[in-house]
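>>> How does the following fold in three dimensions:
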Amino acid sequence: APGTYRIASDLPDAAAATEALGWLLAGYSFNRYRGEPPTTPALTAPERVDAARIERQARAEALTRDLVNTPASDMGPDALETAIRDLAQEFGAEITVRKGEELLARNLPMIHAVGRAAAQAPRLIDMRWGSSGPRITLVGKGVCFDTGGLNLKPGSSMGLMKKDMGGAANTIGLAQMIMAEGLACRLRLLVPAVENAVSGASFRPGDILTSRKGLTVEINNTDAEGRLVLADALALADEEETDLILSMATLTGAARVAVGPDLAPFYTDDEPLAAALMEAAGPAADPLWRMPFHAPYEAMIEPGIADLDNAPSGGFAGSITAALFLRRFVTEAPRYAHFDIYAWQPSAAPGRAKGGLMQGPRAILAALPRVLGL
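Residues are numbered from 1 along each chain as shown. Below you'll find the model as predicted:
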C-alpha cells in the first residue's frame, strides 16, 4: 500500500543497499501509453548506505527500460538520437551524428547498408564526455526494429524486435551512471542507430559488403545485421587510442539458448578484466557469465568468397561465432569485452517488471575502478 516504509531488520550494509535498490527497481512501471501512473510506496533509506548512488543507478535503469519498452513507432533512429542528445545536454557532453549518405562519405558503409531501406535514415551517434583520465569507449547496437530484412522473420520472432536496440539502451544507461558518478575518465559512446527494414533498397543475401576496416563480409542472412553495424562502429572506436572498449548488443538467440534470459554472457581475452567483472556481478545484483573466444571456431566465420561470413551455416556456437566476428574489428585496443544480452524480462520477477531490462552496466560500473585504476 502507498506510504513510507523502512527496513526493520538489521541488515549488513551491502545487503541493505541491495534491498534499497531492489525497492526502487520494483517501483518501476512503464506508463507512457496509459493513464495516471500508480502510486508507489516510498522507502526511508537505510543508515550507512549511499542513497544518492542507489538513486542514480535506479534512474539509469529506468531510462534503459523506458528506451527498450518504447515501440519502434516512437523509438526509431530519430528518437534514439534525441535520447542521447538529451543525455549529452544534461551532462555537458559533446555529440556528433553522421547520417544517411554521409555514412558512405565517412567510410561507415555497413551501417548505411543495413539501415538504407528504412524511412528514417541510418546514422552513427558519437558522444564524448570528460577531459582527463583513462579512456572508455562504449559501443551499443541500436537496431530500433529488426524485421530480419529480406530474410524476413516470422511474426512470432518479430513481436519483440522493438527491443533490438537494447544494447544501445544499456550503453546509454551505463554512460548516464558514469557521468552522474563523475568518474575521472574520458568516455565515448558510439551508437549505430538503424532500422532493418524491407524495401527495394534492402541489402540482399549473397551481397558482399566492404567494412570500414577493409574486411569484406558475405551476407548469408540479412537477419544477422547487428554484427554488421557494430563492426563499423568498433572499427572506428579502435582507430583512436583507448584503454577499454565495451560492446553491448542483443546479438544472438543462441546466447539465450545457452544461458537463458537472466544471465548476461560476456566475452573477453583479458583475464583481469574478466575476474573484475565476475567479482562485481554478485554484489551488484547484476549476474554475468563468461563465455569463450574459442579460436578454433574462427574457421566457421570464414566463407571463402569473402573475408568473413555474417551468418555461418550449421547453427553451432552462434553466440561465440558472432563474438569472434566482432573481435576481428578490434585489433589495437588493449582491452575489449563484448556483452551478448537479452535486455528483456519475459515475466515479472522481484525488482524486474516484465519488459525492458538493464543487464551488465551495474557490474561494469562496479568493476571500472579496479580495471582502470580510477
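>>> so what strands line up beside the longest strand anywhere in the chain?
In the chain, taking DSSP state E as the definition, the longest strand is strand 186-196. Paired strands of strand 186-196, with direction, are strand 123-129 (antiparallel), strand 135-140 (parallel), strand 142-146 (parallel) (DSSP bridges).
>>> Would you mind writing the CA trace of the second one as CSV?
Extracted as CSV, the C-alpha positions of strand 135-140 are listed here (Å, rounded to 0.1, in the frame of the first residue of the first chain):
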residue,chain,number,x,y,z
ARG,A,135,39.6,6.4,-22.0
ILE,A,136,36.5,4.1,-22.1
THR,A,137,34.6,3.6,-25.3
LEU,A,138,31.1,2.1,-25.3
VAL,A,139,29.5,0.7,-28.4
GLY,A,140,25.8,-0.2,-28.4
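>>> average pLDDT for that strand?
Mean pLDDT, computed over strand 135-140, is 98.
>>> contacting residues around it?
165, 167-172, 174-175, 178, 185-191, 230, 233-234, 237, 240-249, 333, 368, 372 (Cβ atoms under 8 Å, 6 or more residues apart in numbering). Any C-beta I mention is one placed from the backbone N, CA and C, and that applies to glycine too.
>>> circling back to that earlier point, burial-wise, tell me which of the strands paired with strand 186-196 comes out on top.
Highest mean neighbour count among the strands paired with strand 186-196 (mean count of other Cβ atoms under 10 Å): strand 142-146, with a mean of 29.
>>> and after it, which helix or strand comes next?
helix 155-158 (DSSP states H and E).
>>> Can you show me the CA trace of that next one as PDB?
The C-alpha coordinates for helix 155-158 follow below in PDB (Å, rounded to 0.1, in the frame of the first residue of the first chain):
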ATOM      1  CA  GLY A 155       5.600 -13.000 -36.900                       C
ATOM      2  CA  SER A 156       6.400 -14.900 -33.700                       C
ATOM      3  CA  SER A 157      10.000 -13.800 -33.800                       C
ATOM      4  CA  MET A 158       9.300 -10.200 -34.900                       C
END
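>>> how distant is it from the center of its chain?
How far helix 155-158 lies from its chain's middle: 21 Å, per Cα atoms, centre = their mean, to the nearest Å.
>>> still on that earlier bit, chain center to whatever helix or strand comes next after the longest strand of the chain: distance?
Beyond strand 186-196 on the C-terminal side, the first helix or strand identified by DSSP H and E is strand 208-210. Centroid separation between strand 208-210 and its chain, computed with Cα atoms, centre = their mean, is 25 Å.
>>> what are the pairing partners of strand 208-210, and which direction each?
Strand 208-210 has these strand partners (DSSP bridges): strand 216-218 (antiparallel).
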